[in-house]
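In: Got a predicted structure here, sequence first:
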Amino acid sequence: AAGVIQSPRHLIKEKRETATLKCYPIPRHDTVYWYQQGPGQDPQFLISFYEKMQSDKGSIPDRFSAQQFSDYHSELNMSSLELGDSALYFCASSPSTGADEQYFGPGTRLTVT
Amino acid sequence: GEDVEQSLFLSVREGDSSVINCTYTDSSSTYLYWYKQEPGAGLQLLTYIFSNMDMKQDQRLTVLLNKKDKHLSLRIADTQTGDSAIYFCAEKGGSYIPTFGRGTSLIVHP
């Protein structure tokens, strides 16, 4: 079965640079979520989109922005990167069922040096 | 706000049963989930349960829900070394966004 695809899988950037992470949800899933996970932490919700519109916003810094495109893929744009942004970034997608169960991608490991 | 608590570590012997516990505070929880995360990988949805159920079984996995005590557990029968991972409990209530626990690190030794 198709899974959530994220690219790139690994990314190394320097402080103050920008980064763009991409997410391709499972076909026919209409909601996309972005999470940040630091070492030994649970995933922290950043932002979500339902049918290409922003639906919920969590602890996303103002330096970050995201959007969902007409083909349902989503991009997380991160600017003025800081050392503390080094983390695993996960995208998840869910179908419109009552459970709204989330299926996670493999993640993008961002390292800021 | 909502809070989800899990113990941090659980160590079991291969072949034994593992029971991972989770408590939550949101009285409006509708769905509760269990995820498994192996090192460097994404979270894998294992199972979920609707709040009007008290048990759900799926092969080696049994989920028990005590809604009155806001207690959720995941039992893994015949635990194998491949079950070693971090297990996250999550609950969804009034918000569309689930609240995750900190995760329980399951260590399976021979």
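Out: Received, thanks. Numbering: from 1, shown residues only, chains lettered A, B, ... in the order given.
In: Report the secondary structure state of residue B:79.
Out: What DSSP: H, G, I helix; E, B strand; the rest coil gives for residue B:79 is coil.
In: Pull the number of nearby residues for the nearest residue to it once chain neighbours are set aside.
Out: When the adjacent residues along the chain are set aside, residue B:79 lies closest to residue B:18, with 4.7 Å between them (CB to CB, 6 or more residues apart in numbering or on different chains). No exception for glycine: its C-beta is placed from N, CA and C like everyone else's. Close neighbours of residue B:18, defined as other CB atoms under 10 Å in any protein chain shown, add up to 21.
In: what does the one 5 residues further on give?
Out: Residue neighbour count, defined by other CB under 10 Å, stands at 18 for residue B:23.
In: ditto for residue A:62
Out: Using other CB under 10 Å, residue A:62 has 7 neighbouring residues.
In: Would you mind measuring from the residue of chain A most remote from its centre to residue B:96?
Out: With distances taken as CA atoms, centre = their mean, the residue sitting farthest from the centre of chain A turns out to be residue A:98, at 22.4 Å. According to CB to CB, to the nearest Å, residue A:98 stands 11 Å off from residue B:96.
In: that older thread, can you spell out which residues form a bridge with the residue nearest to residue B:79?
Out: Counting by DSSP bridges, residue B:18 forms beta bridges with residue B:76.
In: Show me the shaky parts of chain B.
Out: B:1-2 (pLDDT under 70).
In: Up against chain A, what does it have?
Out: On the criterion CB under 8 Å from any CB of the partner chain, chain A has as its neighbours in chain B the residues B:30-31, B:33, B:35, B:40-45, B:48, B:50, B:88, B:92, B:95-98, B:100-103.
In: can we see that at 6 Å?
Out: Counting by CB under 6 Å from any CB of the partner chain, the residues of chain B lying close to chain A are B:31, B:42, B:43, B:45, B:48, B:96, B:97, B:100, B:102, B:103.
In: Residue nearest the middle of chain A, spatially speaking?
Out: To find the centre residue of chain A, average its C-alpha atoms and take the closest one (CA atoms, centre = their mean): that gives residue A:34, at 3.2 Å.
In: Name the secondary structure element that contains that one.
Out: Element membership of residue A:34 [criterion: DSSP states H and E] is strand A:31-37.
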